[in-house]
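Chemist: with the sequence up front, the predicted model follows.
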Amino acid sequence: MVYRTFYKILVILTILFGLIKYGFTSVITVTDKLGRKVSVSVPVKRAIVVITYELIPALNLWDQVVGVSDWAEKNCSLYRAFVFGKLKQIKPTVGTGINVNVEAILKLNPDVVITWSYNTEVINFLEKRGIKVIAIWPESLPELYEVIRLHGKLFGKEKRAEEVIKEMNRMFNLINSKISKIPYDKRKKVLHIGGKPTTVSGRLGVIHDIIELIGGLNVAKEINARNAEVSIEKIIKWNPDIIFIWGSAGYDENWLYNNLQWRFVKAVRERQVYKLPHWSTWSPRLASIALYMAIKAYPEYFKDINFEKEVNNFYKKIFGISYYIVKKYEKY
């Protein structure tokens with residue numbers, strides 16, 4: 001009897017020591033944007049992050065990510081500041097969200113691939129090859145928070161995810177403390193345009209939420225879509241007070257200022273067109289974009305706010321790096 005008891009204790013201790021040595025693991029089931037149920041062992045040790053690579057420094061996922069998209073290395077100033085500033089090791093790239101390199105993904109043998117829900121053919125192909133894929137596409141600020149929390153659960157960083165969301169809310173609350181003083185009849189009519197000047201942001205998506213959060217009135221709210229193509233005549237009819245251009249667009253304010261058709265739009269006539277920073281909106285940096293938009297829309301209410309100082313403090317708390325270092329890697 002004593003021998004059996006001793007043996008049971010020895011087995012239990014062996015299991016416990018093994019768990020401590022190799023890490024506690026469990027399985028969670030995620031329902032992704034496509035409605036697919038994906039079961040993943042957590043914490044994830046080998047992930048490929050195609051679209052949410054700005055969460056790598058935010059949640060400190062460097063040791064758990066084995067690959068990223070080309071976009072991270074070529075276009076993301078935050079990621080570039082880390083890997084080319086010799087703060088972290090460069091990760092293998094696997095193509096873009098539109099054109100993923102399947103062979104590169106298979107070679108890296110990931111536990112999971114996190115990508116957007118756009119290219120379902122690639123997602124289905126990877127699944128058939130035994131690769132777990134989680135598809136995301138946040139269509140609101142609350143959904144973006146859930147994407148951050150999802151990464152927290154997948155990588156064992158739940159507490160850090162909540163800290164990131166708390167800091168985002170701190171900046172949103174700062175904005176609200178200013179714009180809450182603006183009478184409704186003084187609110188600006190806002191238009192956000194995308195890759196083409198006539199591609200507008202409707203009432204779905206994080207951009208619409210941010211327009212409302214900064215006290216703006218989205219003139220394209222009548223469109224029940226994330227983005228839609230409209231005529232210049234429609235934009236002239238909306239007559240926005242201020243226009244924001246997507247940061248990754250291949251044109252800037254001067255294109256609108258020099259276009260004869262656009263001179264009938266109030267924002268263009270009064271030179272109230274601003275190209276947003278080249279930052280991901282599926283990132284904690286969305287809060288910084290919101291502050292930028294709020295300051296441009298209502299400068300008289302933000303006279304006491306130093307944008308770069310606020311963003312620098314935000315970067316240090318969220319990413320552990322100075323905004324001024326990241327700025328050196330910006331694309332303009």
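Modeler: The structure has been received and is ready for your questions. Numbering: from 1, shown residues only.

Chemist: strands along the stretch 201-332 of the chain, start to end?
Modeler: Remark: strands assigned in the stretch 201-332 of the chain by DSSP state E, counting those that start in this stretch are 217-218, 227-229, 242-245, 273-275.

Chemist: now these in a markdown table, with distance to Val190, mean neighbour count and mean pLDDT?
Modeler: Glycine gets a C-beta too; all of them are placed from N, C-alpha and C. Below are those laid out as a markdown table (distance: least, C-beta to C-beta, whole Å; neighbours: other C-beta atoms under 10 Å; pLDDT from 0 to 100):
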| stretch | distance to Val190 | mean neighbour count | mean pLDDT |
| --- | --- | --- | --- |
| strand 217-218 | 6 | 19 | 98 |
| strand 227-229 | 15 | 16 | 95 |
| strand 242-245 | 6 | 24 | 98 |
| strand 273-275 | 11 | 20 | 97 |
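
Chemist: of all the ones you listed, which one is nearest Pro110?
Modeler: Proximity to Pro110 (C-beta to C-beta) singles out strand 227-229 among these, at 30.1 Å.

Chemist: turn the strands of the stretch 201-332 of the chain into CSV, columns for distance to Ile235.
Modeler: Shown next, in CSV, are those (distance: least, C-beta to C-beta, whole Å):
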stretch, distance to Ile235
strand 217-218, 13
strand 227-229, 11
strand 242-245, 9
strand 273-275, 12
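
Chemist: what stretches of the stretch 1-150 of the chain score poorly on pLDDT?
Modeler: 1-24, 97 (pLDDT under 70).

Chemist: strands along that one, start to end?
Modeler: 26-31, 37-42, 47-49, 65-68, 112-116, 133-136.

Chemist: Ala287 is nearest to which of the strands of the stretch 201-332 of the chain?
Modeler: By C-beta to C-beta (comparing all of the strands of the stretch 201-332 of the chain), the closest turns out to be strand 242-245, at 15.5 Å.

Chemist: which residues touch the closest one?
Modeler: 188-193, 197, 216, 251-253, 256, 265, 267-268, 272-276, 293, 296-297 (C-beta atoms under 8 Å, 6 or more residues apart in numbering).

Chemist: cool, and stretch 172-187?
Modeler: Against stretch 172-187 from outside (C-beta under 8 Å, 6+ apart): 213-217, 287, 290-291, 294, 298, 301-302, 305, 310.

Chemist: one more: stretch 299-315?
Modeler: 167, 171, 174, 178-179, 181-182, 287-288, 291-292, 294-295, 321-324, 326.

Chemist: and that stretch, how far apart are its ends?
Modeler: Start and end residues of stretch 299-315 are separated by 22 Å (C-alpha to C-alpha, to the nearest Å).

Chemist: now that stretch: buried residues?
Modeler: 301-302, 310-315 (16 or more other C-beta atoms under 10 Å).

Chemist: also stretch 145-163?
Modeler: So for stretch 145-163, counting by 16+ other C-beta under 10 Å, buried means 145, 147-157, 160-161, 163.

Chemist: can you pull the domain assignment for the chain?
Modeler: 26-157, 179-327 (automatic domain parsing).

Chemist: what's the spacing between Leu260 and Val326?
Modeler: 38 Å (C-beta to C-beta, to the nearest Å).

Chemist: more neighbours: those two, which one.
Modeler: Val326 (24 against 6; other C-beta atoms under 10 Å).

Chemist: isn't Ser248 right up against Gly195?
Modeler: Yes - proximity of Ser248 to Gly195 meets the contact threshold set by C-beta atoms under 8 Å, at 7.4 Å.

Chemist: okay, the two: which has more neighbours?
Modeler: Set side by side, Ser248 and Gly195 show more neighbours around Ser248, with 16 against 12, by other C-beta under 10 Å.

Chemist: let me know the pLDDT of the closest residue to that one other than its chain neighbours.
Modeler: Nearest residue to Ser248 in three dimensions, chain neighbours excluded: His278, at 6.0 Å (C-beta to C-beta, 6 or more residues apart in numbering). His278 carries a pLDDT value of 88.

Chemist: verify the stated contact: His278 with Ser77.
Modeler: Yes - counting by C-beta under 8 Å, His278 touches Ser77, with 6.8 Å between them.

Chemist: quick check: neighbours shared by the two?
Modeler: 330-331.

Chemist: so between those two, which is more surrounded?
Modeler: Ser77 (19 against 16).

Chemist: and the more buried one, what does it touch?
Modeler: Applying C-beta under 8 Å, 6+ apart, the residues near Ser77 are 278-279, 326-327, 329-331.

Chemist: one step back: residue contacts, the residue nearest to Ser248?
Modeler: His278 touches 75, 77, 247-248, 330-332, counting by C-beta under 8 Å, 6+ apart.

Chemist: with those in mind, which one is nearest to Ile51?
Modeler: Nearest member of those to Ile51, counting by C-beta to C-beta, is Asn75, at 12.0 Å.

Chemist: sorry, back to before: most neighbours among the contacts of Ser77, please name it.
Modeler: Val326 (24 neighbours).

Chemist: now do the closest residue to that one other than its chain neighbours against Ser322, distance only.
Modeler: Closest residue to Val326 apart from its sequence neighbours, by C-beta to C-beta, 6+ apart: Ala81 at 4.5 Å. Using C-beta to C-beta, Ala81 is found at 9 Å from Ser322.
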